[in-house]
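In: Return a 3D structure for these sequence lines:
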Amino acid sequence: MLDGVGYQQVMSGNAADAAGLMASGGFKIFIIFLGLGFVATYVWIFCVWGAYRELMQVSKGRSTVALILFVLFSPVLFLVQMAMSALVAQSGGPAMPDDLLGEWQLVQQSDSGGVHSVRSVLYTFAPPRWKMMRAGEYFLRTSMVRLTASV
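Out: Residues are numbered from 1 along each chain as shown. Presented below is the predicted three-dimensional model:
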């Protein structure tokens with residue numbers, strides 16, 4: 001809503017300039033809300049830390065050291081998580097070829113002991129959802145086996 005052009009670029013898969021998207025108003029507001037969420041989370045943790053300390057019967061000194069370690073390491077762990085998710089998003093795999101998209105049917109027939117069997121499997125190859133990653137996906141839609149006795 002705040003950055004209609006940037007939204008359309010991301011959803012259509014045409015957002016080539018990441019720096020341009022980061023300079024948009026929508027991204028700045030996203031960062032503000034993300035920061036407010038972190039501040040609210042840390043305020044809540046600080047408020048309940050005393051109750052947790054009393055419940056666990058830990059001294060104030062040990063509890064303070066634990067709180068300091070938590071405040072120091074949690075942003076580092078969050079950044080590691082963000083880096084890992086960025087790597088996964090970038091390695092979307094090879095692009096799905098356009099000539100592969102659609103429905104494909106595999107039919108196998110066999111005759112054994114006077115019984116004719118037909119096995120049919122229908123695959124659907126779909127483009128990536130929202131075109132944000134290059135790789136698509138495929139679904140096994142139906143599978144059926146038909147046996148016919150020949151006389």
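In: and the gap between Gln108 and Gly26?
Out: For Gln108, the distance to Gly26 equals 52 Å [C-beta to C-beta, to the nearest Å]. (Each C-beta comes from the backbone N, C-alpha and C, glycine too.)
In: okay but Gly102 is in contact with Pro127, surely?
Out: No. With contact defined as C-beta atoms under 8 Å, Gly102 does not count as touching Pro127 (10.2 Å).
In: quick one: which of those two has more around it?
Out: Pro127 (16 against 10; other C-beta atoms under 10 Å).
In: pretty sure that one is in contact with Leu100, am I right?
Out: No. If you go by C-beta under 8 Å, Pro127 and Leu100 don't touch, sitting 9.7 Å apart.
In: hang on, Ala83 is in a helix, isn't it?
Out: Yes. Looking at Ala83 with DSSP: H, G, I helix; E, B strand; the rest coil, it is inside a helix.
In: Neighbours of it, how many?
Out: Summarising burial for Ala83: neighbours were counted as other C-beta under 10 Å, giving 10.
In: and what of Ser24?
Out: Ser24, neighbours per other C-beta under 10 Å, totals 16.
In: Then Thr124?
Out: Neighbour tally, Thr124, other C-beta under 10 Å: 14.
In: now it, what's its secondary structure?
Out: Assignment for Thr124 (three-state DSSP): strand.
In: Against Trp104, how distant is it?
Out: Distance from Thr124 to Trp104, by C-beta to C-beta: 8 Å.
In: Quick check: phi and psi at Lys60.
Out: When read as degrees, to the nearest 10, the backbone of Lys60 gives phi -60, psi -30.
In: Please, which helix or strand holds the nearest residue to it once chain neighbours are set aside?
Out: Take Lys60 and drop its neighbours on the chain: the residue closest to it by C-beta to C-beta, 6 or more residues apart in numbering is Arg53, 7.1 Å away. Secondary-structure element containing Arg53, defined by DSSP states H and E: helix 25-56.
In: quick one on the thing from earlier: more neighbours, Gln108 and Gly26?
Out: Gly26 (16 against 10).
In: where's the more buried one relative to Phe33, distance?
Out: As defined by C-beta to C-beta, Gly26 lies at a distance of 11 Å from Phe33.
In: So, low pLDDT: which residues of this structure?
Out: The chain contains residues with pLDDT under 70 at 1-2, 10-18, 89-96, 129-151.
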